[in-house]
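Asks: the sequence and its predicted three-dimensional model are supplied below.
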Amino acid sequence: MHIIKLIPLFFLLVSSFLPAGTLSLTHIRPHNDTDVRNAYFIDVLKLALSKTERRYGRFELHKSEVEMNQSRALKNLENKKNIDVVWTMTSIEREELLEPIRVPLLKGLLGYRVFIIRKGTQDSFSSVKSISQLKKLSAGQGADWPDTEILKANGFSVVEASGYSVLFNMLAGKRFDYFPRGVNEPWAEVTAHVDKNLEVEKTLILQYPAPIYFFVNKDNQALAKRIELGLRMAIEDGSFELIFRNHPANKEIFNLAEISKRRIFKLENPYLPAKTPIDEDVLWYQGD
């Protein structure tokens, strides 16, 4: 009789040590096989989730079946439609609609903007000594990017496009003068579009606070907590800094960009949410 009473307790104890159900997550699809820019964020997501496997269980990541622009990806995430996590630059509107995980995935480097330009136009930028001179040239940006509104709010001329890939064709076709990119992005992008006769501008940087976060649906607080915990654990043990410095998307930028040698024009970001952890130094790039 005592044995019969102990059997349910035995199975209860054993079941608590069985592997938890696998968490299946769908993220945005990279643009193509050479898109190391998005590969970085996928690898950081894997890192964060792997740090929390012991507590929360196994996970699987899947890319969405179709490529989406930012607007569609964010709308699908808001509506719980075929996507569970998105990485993008924050804004007041985005934080109202979605749940941000407030750990800057590029430590703020997205806000250091260097330019992709057409070969043969470097002199037009080397001669720029003031922000008013730069404003005489036109920038190209995605219509649904927060950067577009930030540049316009600071008085820049911006030509907008409906998608990411078309901007390279528009630049090559002289629809605008320069394509501002996060400091980790342009060298790989120029290589990926070698047929368009583009290069990275050598002398200027625009800088504004521009953290890029993981976002999940507002109702998925459990996932938000798991991702934030994993990111914080990775920061604490140094693995976040390791991937930040050594990932193929980033590892060359600190030498290539030569940030300290460039003329930096600082801009205001009027769309920066109040809860941005600006004062938490460990989250931000502090220079070399």
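Replies: On my side now, so go ahead. Numbering: from 1, shown residues only.

Asks: from R113, how far off is the nearest residue to I131 once chain neighbours are set aside?
Replies: Leaving aside its chain neighbours, I131 sits nearest to F265 (4.7 Å; criterion: C-beta to C-beta, 6 or more residues apart in numbering). Backbone N, C-alpha and C define where each C-beta goes, glycine included. Separation of F265 from R113 (C-beta to C-beta, to the nearest Å) stands at 9 Å.

Asks: neighbour count: the two, which is higher?
Replies: The neighbour comparison of F265 against R113 (other C-beta atoms under 10 Å) goes to R113, with 27 against 17.

Asks: next, the more buried one: phi, psi?
Replies: Backbone geometry at R113, expressed as degrees, to the nearest 10, gives phi -110, psi 110.

Asks: just the one 3 residues further on next, same as before
Replies: Note on I116: its backbone torsions stand at phi -90, psi 130 [degrees, to the nearest 10].

Asks: next one: the one 10 residues further on
Replies: S126 has phi and psi values of phi -60, psi -30 when expressed as degrees, to the nearest 10.

Asks: hang on, it packs against T203?
Replies: Yes: using C-beta atoms under 8 Å, S126 makes contact with T203 at a distance of 5.3 Å.

Asks: show me what contacts the residue nearest to I131?
Replies: By C-beta atoms under 8 Å, 6 or more residues apart in numbering, F265 lies in contact with 131, 134, 204-207.

Asks: partners of whichever strand or helix holds it in the sheet?
Replies: In this structure, F265 sits in strand 263-266 according to DSSP states H and E. Partners of strand 263-266 in the sheet, by DSSP bridges, are strand 204-207 (parallel).

Asks: name the member of the contacts of F265 with the most neighbours.
Replies: In terms of neighbours by other C-beta under 10 Å, those top out with L206 at 24 neighbours.

Asks: what sits closest to that one if chain neighbours are left out?
Replies: Closest residue to L206 apart from its sequence neighbours, by C-beta to C-beta, 6+ apart: R113 at 4.2 Å.

Asks: how about the CA coordinates for the strand holding F265, as CSV?
Replies: Taking C-alpha atoms only, strand 263-266 is exported to CSV below (Å, rounded to 0.1, in the frame of the first residue of the first chain):
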residue,chain,number,x,y,z
ARG,A,263,34.7,64.1,-39.1
ILE,A,264,31.7,63.3,-36.9
PHE,A,265,28.4,65.3,-37.2
LYS,A,266,26.2,64.6,-34.2
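
Asks: that one: which residues count as buried?
Replies: F265 (16 or more other C-beta atoms under 10 Å).

Asks: and it, how far out from the chain's middle?
Replies: How far strand 263-266 lies from its chain's middle: 22 Å, per C-alpha atoms, centre = their mean, to the nearest Å.

Asks: and stretch 123-143, by the same measure?
Replies: That offset, for stretch 123-143, works out to 24 Å (C-alpha atoms, centre = their mean).

Asks: now that stretch: buried residues?
Replies: Neighbour-count burial for stretch 123-143 [16+ other C-beta under 10 Å]: 124-125, 128, 131, 134-135, 137, 139-142.
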